[in-house]
Structure formats: structure tokens, C-alpha cells
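K.L.:
Take this sequence and fold it.
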Amino acid sequence: MTRFISLLILLGCLMGISTGCAISGTESSSEEQEAIPSEVLSIWIPLYLPRELQKSIHLPEEVIQLDNPSLVDIRIDVGSDRQVSQWIYVLVAPFATITDEVSLQGLKAFWRGEGGEFPAEKLLVDGNTQILFTKLWGNPALDNIKSTSAEDLLGKAWQAKTSWAIIPFEQINPQWKVIAVDGQSPIHKDFNPALYGLTVPFSLFGKSEIVDPFYTNYFQSASQPPILASHNYEPNKMTVLVMTGVTALVGGTASMLERLGMTYPAMDVGPLLRDADITHISNEIPFFKNCAKPALVGRNNLIFCSRPEYIQLLEAIGTDVVELTGDHFGDYGSEPMLYTLDLYESRGWGYYGGGRNLEDGQKPLLINHNGNRLAFIGCNAKPAGYATASATQPGAAHCDMEMMIEKVQEVKRQNYLPIVTFQHIEYYSYVANTALVKDFRLMAEQGAVIVSGSQAHQPHAMEFYRNAFLHYGLGNLFFDQYYEGEAQRQAFIDRHVFYENKHISTELITIRFIDLARPRLMTEEERQKLLATIFSASGW
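P.N.:
Below you'll find the model as predicted:
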């Protein structure tokens, strides 16, 4: 009987008699009326489905979409009975948020207004998201949950500072901080949707004698095109890049390698560096066959080289990309630089910001991974003399800003995401130096998505400018400044996430040195203190 009513409604819509129907792929011509299939199924698709899921729907000719769920054969709604789609949502906060993780129990309690402590004062959602999570978690507490348009969520959260949001995965951008829920985060490579509390299933509902064959025909048959997107998250579309600060395997750091082993400094941070798809290292020092063993402690001079066996440390942390903009790459002349480049190339590592000559050093390093196209561009912005690359000599490339602009624009036209790094002026303050601000912003104006300072021996401020993430200095990764002050013991590793050729997220990993060579992850107390300091220095 339902199918008969659906057919009458379809005919009425085609003849202009009925109103209030939504039909996919039909026109009111007499030819198409004659071509109406004898078997017609009707389906109800709620308007509160995620936008991108709604956009993906393509119904076959024998299926019509109606507005009234009580008159249809099949309904699509939240549930996991005959599941046809799975949508990942994300708990997010303004980037300048210190909290990293909450429990699902605490999040649900805040949603329902059941008391308990929660880090946010408000939770913002768009109208569709509110309906979906009401179906999952029950009615929201009006004091805690506020509905607003999807376009306004980020601005209102940043303005309020203490407001968070729940958004679909496809709406993540770097100005949001992704908050893990019970240890699960979609921007992590070990993410498991089945263990994640913000995975929303969508299923078919209706009489089993109608729904079961429909499910089999349209969702389990390889011969039929999909009616709707089965998911909004594919791990094979994601690329994780970790960027690091100063590496200089000399002096006290080198002496620790000699005493405790070549991979000693990586004991704590090695796993997270290896876990990335692309690991960036800014190694300022050339490897030199005749490099003398270091003194047991400290540095005797500022002319640096590294013994060839020290490269085992860079191998152990999974190095993929080496930045060559450092001040000391040319300390021992051409032969060690060329030898160093041979070592990198023999291991399949890319390099940029320096090279066998100036032209080589100015070339962008292009990397394609999982559909994400990254272009690394760098230079030494200090006064002339630190960078030795010329038409005939190897070394770091001195900054020619017109050339940098040209390179950024060039890779942008080729659909690469420009990542620019500077070996810039060294200073000892958390606040950004005005000289760096000028150059970093210039690169953002040309289209760089990330601009990072590789010169810093302590952490510096950061900002978002023209939709780009600017970090003025990360601090040391492997360098012996442990005894030079508390700030020199602190550093960042920036974990950048790309998806479908977009930069979608940056995660700040905080590390602290325990001696002249070895950094470890900060304790929760240390991390909170550093983030508060940096966010304040950033004007947030």
C-alpha cells in the first residue's frame, strides 16, 4: 500500500498536482512519465544530516525523496542497525587553549547539565549538530549548549575564549585546537573510530522486507554506485609533518653521544618523531670525516663540525627532510658540505634552504604524500656572511626576499602548500621580534600556509595571519644549552596535519631538556606553564 501511495505522489508531482514533495532526477515531460518504473521506493532524508553528507546524496531513478517520514518506505536517521554511513565529529577549542583531553563521560554530563567540572563554559554547535547529538545524548542543558551558524562558530569561540564547539571533521582548520576524548583524536595516526565517542552512525529504517533488499542492492553491491558518502574520514588522505628547531650535534651534545651512545638523545622523543609521515630536522652542522672528538663538556669555540657516525641519531628519529639554512653549515668549507649532502642523498632524505650552489639551495623541496602536496622553501635571513652558497660554492642560501616571493607563488600555482622556514635573527625573549614579524607575514601574504623560525634557542610566540600559522621560533631539538637558562631548556615540536591537500591542524608538543643532549616530553605542570607563557606572549 505504501508503494502505491508513493507512486501516486510521484505522478502527482510530475503532473504538478501534488505539493510538498522533493524529487531527485525527474522532470515533468510526457516522455519521462511514460518511463516511470513500475516499482518505486520512497525515502525520507532529514535536513539535519551533516551538510557534506547531504551534498553527497544521489538517488537512483526508482527512488524518490519525500518530506513526510510517515509516508515513506525507508528512512535514513541516526542509528547503527543497518548502518550506511559514519560521520566523525570533533571536539574543538580556540587554538590558545591549554586543555588537551576530556572524558566522554564528562562531555556528556556537561551536555545534559548533570554537574561536574568541565574546562569550557559553553559548548557551541550548529543546528544540525545539536539535533544529531540530542538524539545520541539526550536533551542539551540550555545553560551549557548554544546553537549558532556553522560560519560563526570559530569567531564566537575565539571571542569568548572559554567556549568550545563540536563540529564535523571536514570543518577543522588550524585555528581550532582538537581536543582528544578518552585518548582518541581524529588527527592522531592511532585513531580508532570504534572507540571514539563522537562517531555518529547513520542507518536505514523501515520494514525489514523493504529495507533489507534495498540495503543489499544499494549498499553491498559493487555494481551499484553509492547513494551517499559512507564516511567523512579516510586515514589514507592524511599526512603528519613534524617540524623541529635547532639541531647541532656538537660540544656538550656530541660529548654525550660519545659517552652514552649515538641515539641517546632520542630516548624520549624518538617515537613521536618516527611516527610522523614527514620528519623535518634543521641540522646546522656539516658532517666531517676529520672532525675531532668533542670536549667532555661545553664548547671551546664557535666553529662546528659533527663526526660522521653522529648521523645515526638522525636515522634513529626517522629524518625525511633536512633544512640547511643554519649559520654553521659552511664552518669547515666546501668539502664537508658536499660530503654531508652525499650522506643525505644516499639515505633518500630531501634537503632545502641550502645546497651544492645557490640555485640548488633556492629550489623548493616538493613532497607528495597521500594526495597532500607540500613545498619546503627556506633561507638564512641574517646579515651576509653566515650563508655561503653562491653560483659556484655550496652552503646555506642567503635570503633574497624577491626570490622567496617568486618561489612561494610558483609552488602555489602548482597546487603545492608552501611551508617557509627562516634561519633568522637570534634573540632571547618569548615575544616575537619585529624584524621576524615583517618577514614572516610577507611570506603569509604570498600564500605560505606555515612559516616557521628555525634559529631560536628558546620558544617564541606564534600567530595566525592571513590564514597561515606563524611560529617565530621553536627552540632547540638537540643542542647543548641546558646550563644557559630555563628558557633554553624549553622547546616545541610542531605537529602539522594535512588532509585533502589542506593544512587542517597544528598540535604543539612541548619538550624539556634533562641534560646537554636529551629532551623529554614536559610534565603536565611544565606544559601548562609554557603554553600559558607563549599564549600570553602571542597576545592571546
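
K.L.:
And the protein, what are its domain boundaries?
P.N.:
When the chain is parsed into structural domains using automatic domain parsing, the resulting residue ranges are 2-83+201-235, 87-200, 236-537.

K.L.:
What average pLDDT does the second one get?
P.N.:
If you average the pLDDT over domain 87-200, you get 97.

K.L.:
Quick one: end-to-end distance for stretch 68-77.
P.N.:
The stretch stretch 68-77 measures 14 Å between its terminal residues, going by C-alpha to C-alpha, to the nearest Å.

K.L.:
can you list the weak-confidence ranges in this structure?
P.N.:
Across the chain, the stretches falling below the confidence threshold (pLDDT under 70) are 1-38, 295-300.

K.L.:
follow-up on the earlier one: among the domains of the chain, which is the most enclosed?
P.N.:
Mean neighbour counts were taken over the domains of the chain using mean count of other C-beta atoms under 10 Å, and the top value, a mean of 20, falls to domain 236-537. Glycine gets a C-beta too; all of them are placed from N, C-alpha and C.

K.L.:
How far off centre is that domain?
P.N.:
The chain centroid and the centroid of domain 236-537 are separated by 18 Å, computed with C-alpha atoms, centre = their mean, to the nearest Å.

K.L.:
Please measure how far the first residue of that domain sits from its last one.
P.N.:
Domain 236-537 has its terminal residues 37 Å apart, counting by C-alpha to C-alpha.

K.L.:
could I get stretch 177-190 in PDB with only the CA atoms?
P.N.:
Backbone C-alpha positions of stretch 177-190 (Å, rounded to 0.1, in the frame of the first residue of the first chain) are rendered in PDB as follows:
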ATOM      1  CA  LYS A 177      42.600  23.000  18.700                       C
ATOM      2  CA  VAL A 178      41.400  19.400  18.500                       C
ATOM      3  CA  ILE A 179      40.600  18.100  22.000                       C
ATOM      4  CA  ALA A 180      41.000  14.400  22.500                       C
ATOM      5  CA  VAL A 181      38.100  12.400  24.000                       C
ATOM      6  CA  ASP A 182      39.200   9.400  26.200                       C
ATOM      7  CA  GLY A 183      42.500   9.500  24.500                       C
ATOM      8  CA  GLN A 184      41.100   9.300  20.900                       C
ATOM      9  CA  SER A 185      41.700  12.100  18.400                       C
ATOM     10  CA  PRO A 186      41.000  12.000  14.600                       C
ATOM     11  CA  ILE A 187      44.200  13.900  13.900                       C
ATOM     12  CA  HIS A 188      46.300  11.100  15.500                       C
ATOM     13  CA  LYS A 189      47.500   8.100  13.500                       C
ATOM     14  CA  ASP A 190      46.300   5.600  16.100                       C
END
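
K.L.:
Run through who's touching that stretch.
P.N.:
Residues lying outside stretch 177-190 but in contact with it, judged by C-beta atoms under 8 Å, 6 or more residues apart in numbering, are 88, 90-97, 99-104, 107, 164, 169, 172, 191-192, 195-198, 233, 235, 238, 240, 275, 497, 504-505, 507.

K.L.:
Restricted to strands, list these.
P.N.:
Counting by DSSP state E, the members of those that fall within strands are 88, 90-94, 101-102, 164, 238, 240, 497, 504-505, 507.

K.L.:
So what pairs up with residue 87 in the strands?
P.N.:
When bridges are assigned using DSSP bridges, the partners listed for residue 87 are residue 200.

K.L.:
likewise residue 231?
P.N.:
With DSSP bridges applied, the residues forming beta bridges to residue 231 are residue 86.

K.L.:
Equivalent analysis for residue 521, please.
P.N.:
residue 511.

K.L.:
where does it sit relative to residue 271, distance-wise?
P.N.:
Here the distance between residue 521 and residue 271 works out to 10 Å (C-beta to C-beta, to the nearest Å).

K.L.:
cool, and residue 403?
P.N.:
Taking C-beta to C-beta as the measure, residue 403 falls 38 Å from residue 271.

K.L.:
do residue 198 as well
P.N.:
Counting by C-beta to C-beta, the gap from residue 198 to residue 271 is 26 Å.

K.L.:
Same question for residue 99.
P.N.:
23 Å.

K.L.:
now do residue 104
P.N.:
Counting by C-beta to C-beta, the gap from residue 104 to residue 271 is 26 Å.

K.L.:
same deal with residue 491?
P.N.:
17 Å.

K.L.:
Likewise for residue 224?
P.N.:
Here the distance between residue 224 and residue 271 works out to 44 Å (C-beta to C-beta).

K.L.:
One more: residue 212?
P.N.:
47 Å.

K.L.:
And residue 290, by the same measure?
P.N.:
From residue 290 over to residue 271 the distance is 34 Å, taken as C-beta to C-beta.

K.L.:
Same question for residue 254.
P.N.:
To residue 271, residue 254 is 23 Å away according to C-beta to C-beta.

K.L.:
swap in residue 67?
P.N.:
When distances are taken as C-beta to C-beta, residue 67 and residue 271 turn out to be 53 Å apart.

K.L.:
what does residue 312 give?
P.N.:
If you measure residue 312 against residue 271 using C-beta to C-beta, the figure is 17 Å.

K.L.:
Tell me where the stretch 201-350 of the chain has strands.
P.N.:
Counting by DSSP state E, counting those that start in this stretch, the stretch 201-350 of the chain has these strands, from start to end: 238-243, 246-247, 278-283, 321-323, 350-352.

K.L.:
For residue 429, find the nearest of the ones you listed.
P.N.:
strand 246-247 (16.4 Å; C-beta to C-beta).

K.L.:
Give me the contacts around the closest one.
P.N.:
The list of residues contacting strand 246-247 from outside it, by C-beta under 8 Å, 6+ apart, reads 281-285, 314, 326, 454-457, 475-479.

K.L.:
10 Å instead, please
P.N.:
By C-beta atoms under 10 Å, 6 or more residues apart in numbering, the list of residues contacting strand 246-247 from outside reads 253, 265, 281-285, 306, 313-314, 317, 319, 322-323, 326-327, 423, 426, 454-457, 473-479, 481, 491.
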